[in-house]
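Engineer: Sequence plus the predicted model coming up.
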Amino acid sequence: MRNNKLAIVVPCYNEEEVIEYSIEQLLLILNIMIDDELISQNSKICFVNDGSSDRTKEIIEKKCAHNHQIAFIDLSRNYGQQYAILAGLNTLNADIYVTIDADLQDDPILIVDMVKKYHQGFEIVYGCRKKREADSFFKKGSAFLFYKFMHLIGVNIRQNHSEFRLMSRRAVERLKEYKEKTIFLRGIVQNIGLKSCNLYYDETERLAGKTKYSFFKLLELAWAAITNFSILPLRMITVVGILTSFVSILEIIYALVSYIKHYSIPGWTSIIMTIAFFSGIIIMSLGIIGEYLSKVLIEVKNRPLYQIEETVNL
Ligand code: UDP
Ligand code: MG
């Protein structure tokens with residue numbers, strides 16, 4: 001057991017209010033595990049600075065200078081949490097990887113239990129929130145709708161699992177085989193299919209600072225989840241197409257009957273309504289096709305997912 005190197009990956013974006021406390025807490029937990037011989041002496045906590053504009057980088061660098069257990073990866077700009085985590089997983093060489101948010105809303109002491117699960121043979125351990133009491137009404141509501149919708153379209157993702165999880169080296173190697181550029185990690189990890197289990201915990205309030213997930217960042221993530229893991233929006237066009245064709249047949253019959261029976265002049269209103277109805281559907285369909293097309297474009301461009309400016313103590 002004591003030969004297993006653990007790497008704790010912590011994405012950080014403008015976390016100057018909490019980062020010092022998080023470093024202390026995580027170091028404490030790391031050293032408890034080293035003392036208990038659950039992990040190797042050379043285990044590390046790696047902070048990935050995701051283009052912070054505050055003092056986050058400065059604080060981590062200072063800590064790094066005095067402690068070789070702290071590693072640091074600095075990204076060239078803000079890429080988003082998903083990419084910051086991926087940068088850590090791809091760059092570090094370890095036997096066990098744990099990812100956790102910098103604000104420690106996920107109970108970090110659970111890392112010990114996660115590592116114990118790893119030693120029992122689990123290759124992926126998902127941290128799952130029992131309740132989301134610390135979240136705002138909006139976040140709780142949108143998360144509830146998101147999970148309901150994903151289940152409805154047949155995508156099976158773990159309820160209330162954030163990015164707090166343990167992965168074995170093998171799991172991370174498999175993750176690297178996924179070449180897609182718009183990332184929804186929770187979906188991909190679940191797709192890997194190694195022996196896994198859940199650990200439940202109570203989510204706490206952020207230690208300090210505000211959420212770094214704006215409404216648009218959250219929306220982008222949800223959209224990546226839907227379009228990466230489901231073709232249902234495309235299939236819906238077909239269904240809508242069949243239904244509208246059926247309706248138009250009825251309309252044609254109605255128009256013919258009106259003509260034969262010499263009813264009043266063909267209705268202007270119905271024409272306008274028909275045009276409006278179909279132009280709506282056409283634009284909506286084009287929009288959905290466009291979404292998928294834009295993803296193809298991104299994949300074809302094959303840009304690097306991130307550029308690392310600097311690494312320390314790796
Ligand atoms: N984060 C990041 N890049 C971003 C946004 C967030 O690295 O563009 C990090 C952030 O520093 C934190 C984690 O991702 O460690 C989760 O963010 P946050 O706690 O703000 O999200 P919430 O818990 O409100 O969903
Ligand atoms: Mg948080």
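Structural biologist: It's in. Ligands and ions are numbered 1, 2, ... in the order given.
Engineer: who in the stretch 1-150 of the chain is up against ligand 1?
Structural biologist: Those residues of the stretch 1-150 of the chain that sit near ligand 1, judged by C-beta under 6 Å from any ligand atom, are 11-13, 15, 50, 78, 80-81, 84, 101-103, 105. For the C-beta atoms, the positions are set from N, CA and C on the backbone; glycine is no exception.
Engineer: Would you mind listing what in the protein touches ligand 2?
Structural biologist: When proximity is defined as C-beta under 5 Å from the ion, the chain approaches ligand 2 at 101, 103, 105.
Engineer: what separates the last one from residue 160, distance-wise?
Structural biologist: Yep, that's residue 105 we're talking about. 12 Å (C-beta to C-beta, to the nearest Å).
Engineer: and those two? which has more neighbours close in?
Structural biologist: Per other C-beta atoms under 10 Å, whichever of residue 105 and residue 160 has more neighbours is residue 105, with 21 against 17.
Engineer: Now do the contacts for the more buried one.
Structural biologist: 134, 162, 203, 204, 205, 206 (C-beta atoms under 8 Å, 6 or more residues apart in numbering).
Engineer: show me where the stretch 1-150 of the chain has strands.
Structural biologist: Secondary structure of the stretch 1-150 of the chain (DSSP state E, counting those that start in this stretch): strands located at 6-12, 44-49, 70-75, 96-99, 124-129.
Engineer: thinking again about what came up before, will you turn the contacts of residue 105 into CSV that also has neighbour count and pLDDT?
Structural biologist: Converted to CSV, those look like this (neighbours: other C-beta atoms under 10 Å; pLDDT from 0 to 100):
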residue, neighbour count, pLDDT
134, 14, 75
162, 20, 88
203, 20, 86
204, 14, 85
205, 10, 85
206, 18, 85
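Engineer: ok, which pair from those is furthest apart?
Structural biologist: Across the contacts of residue 105, the longest distance by C-beta to C-beta is 14.4 Å; it joins 162 and 205.
Engineer: Could you count how many residues lie near the closest residue in space to residue 23 that isn't next to it in sequence?
Structural biologist: Spatial nearest neighbour of residue 23, chain neighbours left out: residue 63 (5.4 Å); criterion: C-beta to C-beta, 6 or more residues apart in numbering. When neighbours are defined as other C-beta under 10 Å, residue 63 has 19 of them.
Engineer: separation between residue 63 and residue 13?
Structural biologist: Counting by C-beta to C-beta - residue 63 and residue 13 are separated by 17 Å.
Engineer: which residues touch residue 2?
Structural biologist: Contact partners of residue 2, counting by C-beta under 8 Å, 6+ apart, are 37, 38, 39, 40, 41.
Engineer: circling back to that earlier point, wait, which of the residues of the stretch 1-150 of the chain next to ligand 1 is closest to residue 296?
Structural biologist: Proximity of these to residue 296 (C-beta to C-beta) peaks at residue 80, which lies at 20.8 Å.
Engineer: in terms of contact, does that closest one touch residue 216 like I think?
Structural biologist: No - with contact defined as C-beta atoms under 8 Å, residue 80 does not count as touching residue 216 (11.0 Å).
Engineer: Would you mind giving the strands of the stretch 1-150 of the chain as JSON lines with mean neighbour count added?
Structural biologist: Below are these laid out as JSON lines (neighbours: other C-beta atoms under 10 Å):
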{"stretch": "strand 6-12", "mean neighbour count": "27"}
{"stretch": "strand 44-49", "mean neighbour count": "27"}
{"stretch": "strand 70-75", "mean neighbour count": "23"}
{"stretch": "strand 96-99", "mean neighbour count": "26"}
{"stretch": "strand 124-129", "mean neighbour count": "24"}
